[in-house]
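Undergrad: Next come a sequence and a model predicted from it.
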There are 2 protein chains.
Amino acid sequence: MTSAAETIAKDANSSFTVLKTLSNEQRSQALQAIHDGLKENKERILAANKLDMEHAQSNANFSASLVKRLDLSNSGKFDSMLSGILDVKDLEDPVGKVNLARKIDEGLNLYRVTVPIGVLLIIFEARPEVIANITALAIKSGNSAILKGGKESYQTFKVMSEVVNEILATKTDVPSHAIQLIESRKEVGDLLSQDKYIDLVIPRGSNALVRNIKDNTKIPVLGHADGICSIYVDKEFDLKKATRIVVDSKTNYPAGCNAVEQLLINKDISKENIQAIIQSLIDAKVTLHVTPEVKEIIAQESEFIKDTVEDSFDKEYLSFDISVALVDSVEAAIQHINIHSSKHTDSIITENKANAEKFLKGVDSGGVYWNASTRFADGFRYGFGTEVGISTNKIHARGPVGLEGLMSYQYQLRGNGHIVGEYVGGGGKKVFVHEDLDATKVEL
Amino acid sequence: MTSAAETIAKDANSSFTVLKTLSNEQRSQALQAIHDGLKENKERILAANKLDMEHAQSNANFSASLVKRLDLSNSGKFDSMLSGILDVKDLEDPVGKVNLARKIDEGLNLYRVTVPIGVLLIIFEARPEVIANITALAIKSGNSAILKGGKESYQTFKVMSEVVNEILATKTDVPSHAIQLIESRKEVGDLLSQDKYIDLVIPRGSNALVRNIKDNTKIPVLGHADGICSIYVDKEFDLKKATRIVVDSKTNYPAGCNAVEQLLINKDISKENIQAIIQSLIDAKVTLHVTPEVKEIIAQESEFIKDTVEDSFDKEYLSFDISVALVDSVEAAIQHINIHSSKHTDSIITENKANAEKFLKGVDSGGVYWNASTRFADGFRYGFGTEVGISTNKIHARGPVGLEGLMSYQYQLRGNGHIVGEYVGGGGKKVFVHEDLDATKVEL
């Protein structure tokens, strides 16, 4: 018997076979139609959103900030959601880019061409405008998407997905099953076993959510569980840059995955300078978890100074807390980071170019920074326009992931009856030409 | 307690932290030293190889072809293994290529730079010369590698790895634990759980081996279990090209993963032409597993004609067998292939350009071919120099995988004290510049 999850996954997959062949014009037209449809149904969507808000307000477990994030009627939020769809529509077509072209022999040419990945399962929490953003990204990149939103915004999602599916079915060439919304957590569990039909899972939410998904599927997962970022302050450093960067990295948005959690300080820095760095954090109301060595240097009692515990350097605080240790050298800092960090983003503060280069080359993380705040690790700040998440994977996409991270490639071979049996290695005598062509000039 | 597998994986990982920072000169010098060391120890290695051969010859389970593959003393095999190391040494450095450069703001630049992935676990069977090839690829690309060879060539592997490790330790800047050989199957099982330290598993061997590994690890696996390739013969086609390509794809090397297993024929092709295609396969001693429709057209009894069974179109024969069905159109062929093929390599035979383009765009496989044999799916034929395997993954590397498939990337951000709090979106008013720089002209 076919399960509900299998039907959803299969439908997404067969829609992909059609979606994959559509032109950029067809995909962009669909985004315009979705934009127009959501605009026309604004009142219906906001009415549903009101139901979600009422439900959230009556629930003692929901914080005021969550309720605020749910609210689509907030000043300009609906309109900026709509204009976001048009922004994605106007991005350069990521499909069909030729990035390798090679003449294999007379009349036999090889091309490596970008193509969509296939079927994406995207799981996210709370904010209802994300559905529009992700729908736009999926269609623009030619991928089918199965979306699971948070239960807090269930009513809003339901109406928006009805609108999207109706628009796709009646006004576009994109098959309506290319975008499917699922409602229950149970279905997510079942979908995670559909590795025959689903190519990539993108979870956006808490560590617990991401880790749970990674533990329960064979499908590749794009994203990050932890964001354990470090800053290393090198011996030859500028104090003003150091305090600015450390304080910004910690306090600009401590709940962000790109906030710093570990501070490593070179042991040869003067007592006064170490004290000044520490003081800048105390002034910003950050609690420091320090090793005995660091405590000795601080030489003051403060409610903001605590001792490190066993896992202090493997911890993602997501709060006004930071762990602090001394290290012997840039090499020791690199070793420490490669063992303890979550390979997200790590920064060195130094005026010594050789040490900076050593750090940038040695640290094994998605982002390696020199004299800059770890908070820059973000698709918007990198200029990617929009972002599907930040990846700590080392395979496929890494760091902030934009449209490009939703692409794969295929090798196209165009011949004229060519067979292997005539070539060296296949039993014949013909020799391969293997002449690189200018991929930027290829028109397929 | 630290297990043996954990120690191996940890050592590989900390060696990677050093290897990652070495220059192309240092990595290439290590390959030269390994080449020289293996050359000096030729007699010792061939003596060990003789032990493996004797063991294989005395074992009734080992076929003559396996014994032949084991034999390193075969004409020129040892020398070509050595020259293969120098070929890899002379490849362009894959590390540190800048493929994105962007000015984020004054004094704040973002670069996307290629880096090695990390620690590779490579599992392969039989042929002992593979150890030299994979060692060379790993070191050239800056990756640590843990190698497990087949037990048939245990003695050869053991001596070769002793030589390699001694050379690395005494004559190169590459840490000796960057290349480790493991001996037992038990260790493989334990290593598959070391996802904290190992980044990628590359199995080269039987379907059963690959599938077993995929089922037992959370580490990404690069490779393919099945190679179920299809050829679709379209309505407007050239009979000579069709018979050449179908016969070559099936018979050039039927045990290869790129051999064709399924033949789809457009139903509007004349009886005579369908019979001619069928006859070319019968002449080549291929057994055809045909649907009732096809059987009716063939209209002859032959020991080479059999009925299809339930899984005929999901089967990898790896022998002189092929399944044959009629389909209504190029669209139907695409649907059939996207459901039944293993996303390895599929080919269309047609003189109709529009249908060819439809096929190339619609089929969701690593290789999509027009009027060419599926047997071209191979790193050597693509001109990659050398190959670590063929991937049917859609994430990361796809199709034949060369040195490039062993690379990841990092984002480097180079600033001068820049903090997020001063920019729009982070609480400040500064606006990002986001100006693309010419990545080909960047020298880091």
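TA: Noted; the coordinates are in hand.

Undergrad: mind listing the strands for the stretch 151-300 of chain A?
TA: Taking DSSP state E, counting those that start in this stretch, the strands of the stretch 151-300 of chain A run over residues A:179-182, A:200-204, A:229-233, A:260-266, A:287-290.

Undergrad: Just the buried residues of whichever strand or helix holds A:Asn109, please?
TA: Assigned by DSSP states H and E, A:Asn109 falls within strand A:108-116. For strand A:108-116, burial by neighbour count (16 or more other CB atoms under 10 Å in any protein chain shown) applies to A:Leu108, A:Asn109, A:Leu110, A:Tyr111, A:Arg112, A:Val113, A:Thr114, A:Val115, A:Pro116. Just so you know, the C-beta spots here come from the backbone N, C-alpha and C atoms, and that holds for glycine as well.

Undergrad: so which of the residues you listed are also by chain B?
TA: A:Leu108, A:Leu110, A:Val115 (CB under 8 Å from any CB of the partner chain).

Undergrad: Determine the number of other residues adjacent to A:Ala47.
TA: A:Ala47: 14 surrounding residues under other CB atoms under 10 Å in any protein chain shown.

Undergrad: doesn't it fall inside a helix?
TA: Yes. Membership of A:Ala47 in a helix is supported by DSSP: H, G, I helix; E, B strand; the rest coil.

Undergrad: Let me know which of the strands of the stretch 151-300 of chain A is the nearest to B:Ser391.
TA: Minimum separation from B:Ser391 across these (CB to CB) falls at strand A:200-204, 15.1 Å.

Undergrad: For the closest one, name the packing helices and strands.
TA: strand A:119-124, helix A:207-215 (3 or more CB pairs under 8 Å, 6 or more residues apart in numbering or on different chains; DSSP states H and E).

Undergrad: could you give the mean pLDDT of that strand?
TA: The average pLDDT within strand A:200-204 is 92.

Undergrad: ok and that strand relative to strand A:119-124, angle-wise?
TA: Interaxial angle of strand A:200-204 relative to strand A:119-124 (axes from the mean of the first three to the mean of the last three CA atoms, to 10 degrees): 10 degrees.

Undergrad: ok, residues contacting strand A:200-204?
TA: A:117-125, A:130, A:192, A:209-210, A:213, A:217, A:219-223, A:388-389, B:394-395 (CB atoms under 8 Å, 6 or more residues apart in numbering or on different chains).

Undergrad: the inter-axis angle of that strand versus helix A:207-215?
TA: Here strand A:200-204 runs at 170 degrees with respect to helix A:207-215, directions being taken by the same axes, to 10 degrees.

Undergrad: Please save the CA atoms from strand A:200-204 in CSV.
TA: Output in CSV follows, covering the C-alpha atoms of strand A:200-204 (Å, rounded to 0.1, in the frame of the first residue of the first chain):
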residue,chain,number,x,y,z
LEU,A,200,17.5,17.2,0.2
VAL,A,201,16.1,18.2,3.6
ILE,A,202,16.5,21.8,4.7
PRO,A,203,15.5,22.3,8.4
ARG,A,204,15.4,25.8,9.7
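
Undergrad: picking that back up, may I have the strands that pair with the strand holding A:Asn109, each with its orientation?
TA: Paired with strand A:108-116 in the same sheet, following DSSP bridges, are strand A:98-105 (antiparallel), strand A:407-418 (antiparallel).

Undergrad: So which of the ones you listed is the most surrounded?
TA: Each of the strands paired with strand A:108-116 was scored by mean neighbour count; the highest is strand A:407-418, a mean of 21, by mean count of other CB atoms under 10 Å in any protein chain shown.

Undergrad: thinking again about what came up before, and the helices and strands packed on strand A:200-204, which one's lowest on average pLDDT?
TA: helix A:207-215 has the lowest average pLDDT among the helices and strands packed on strand A:200-204, namely a mean of 88.

Undergrad: Please spell out which residues along it are buried.
TA: Quick answer for helix A:207-215 (16+ other CB under 10 Å): A:Leu209, A:Val210, A:Asn212, A:Ile213, A:Lys214.

Undergrad: And stretch A:232-242, by the same measure?
TA: Judged by neighbour count (16+ other CB under 10 Å), stretch A:232-242 contains these buried residues: A:Tyr232, A:Val233, A:Asp234, A:Lys235, A:Phe237, A:Asp238, A:Leu239, A:Lys241, A:Ala242.

Undergrad: Using the record's assignment, carve chain A into domains.
TA: Following automatic domain parsing, chain A resolves into domains at A:4-215, A:229-383.

Undergrad: Would you reformat those as CSV and include distance to B:Ser176?
TA: As requested, the domains of chain A are arranged in CSV below (distance: least, CB to CB, whole Å):
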stretch, distance to B:Ser176
domain A:4-215, 33
domain A:229-383, 18
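
Undergrad: worst average pLDDT in those domains?
TA: domain A:4-215 (a mean of 91).

Undergrad: Where do the helices of the stretch 1-150 of chain A begin and end?
TA: Taking DSSP state H, counting those that start in this stretch, the helices of the stretch 1-150 of chain A run over residues A:4-19, A:24-40, A:42-57, A:64-70, A:77-89, A:130-141.

Undergrad: Buried deepest among the ones you listed, which one?
TA: Of the helices of the stretch 1-150 of chain A, helix A:130-141 is the most buried (mean count of other CB under 10 Å), at a mean of 24.

Undergrad: Extract the CA atoms of it and return them as PDB.
TA: What follows is helix A:130-141, C-alpha atoms only, in PDB (Å, rounded to 0.1, in the frame of the first residue of the first chain):
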ATOM      1  CA  VAL A 130       8.800  32.200   4.900                       C
ATOM      2  CA  ILE A 131       6.400  30.100   2.800                       C
ATOM      3  CA  ALA A 132       6.400  32.800   0.100                       C
ATOM      4  CA  ASN A 133      10.100  33.200   0.100                       C
ATOM      5  CA  ILE A 134      10.800  29.500  -0.100                       C
ATOM      6  CA  THR A 135       8.200  28.900  -2.700                       C
ATOM      7  CA  ALA A 136       9.800  31.600  -4.800                       C
ATOM      8  CA  LEU A 137      13.300  30.200  -4.400                       C
ATOM      9  CA  ALA A 138      12.200  26.600  -5.200                       C
ATOM     10  CA  ILE A 139      10.300  27.500  -8.400                       C
ATOM     11  CA  LYS A 140      13.000  29.900  -9.600                       C
ATOM     12  CA  SER A 141      15.600  27.200  -9.200                       C
END
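
Undergrad: The closest residue in space to A:Gln29 that isn't next to it in sequence: how many residues sit nearby?
TA: Nearest non-adjacent residue to A:Gln29, counting by CB to CB, 6 or more residues apart in numbering or on different chains: A:Thr172, 6.4 Å away. Neighbour count of A:Thr172, defined by other CB under 10 Å: 21.

Undergrad: quick one: A:Glu387 and A:Val401 touch, right?
TA: Yes. Counting by CB atoms under 8 Å, A:Glu387 touches A:Val401, with 6.4 Å between them.

Undergrad: and those two? which has more neighbours close in?
TA: A:Val401 (23 against 19).

Undergrad: if we can go back for a sec, and the domains of chain A: which comes nearest B:Thr374?
TA: domain A:4-215 (13.6 Å).

Undergrad: In the sheet, which residues pair with the residue nearest in space to the middle of chain A? Tell me.
TA: Centroid-nearest residue in chain A, with CA atoms, centre = their mean: A:Gly389, separated by 1.8 Å. Beta-bridge partners of A:Gly389, counted by DSSP bridges, are A:Val401.

Undergrad: Against chain B, how distant is it?
TA: 14 Å (CB to the nearest CB, to the nearest Å).

Undergrad: Surely that residue is in contact with A:Leu222?
TA: Yes. With contact defined as CB under 8 Å, A:Gly389 counts as touching A:Leu222 (6.5 Å).
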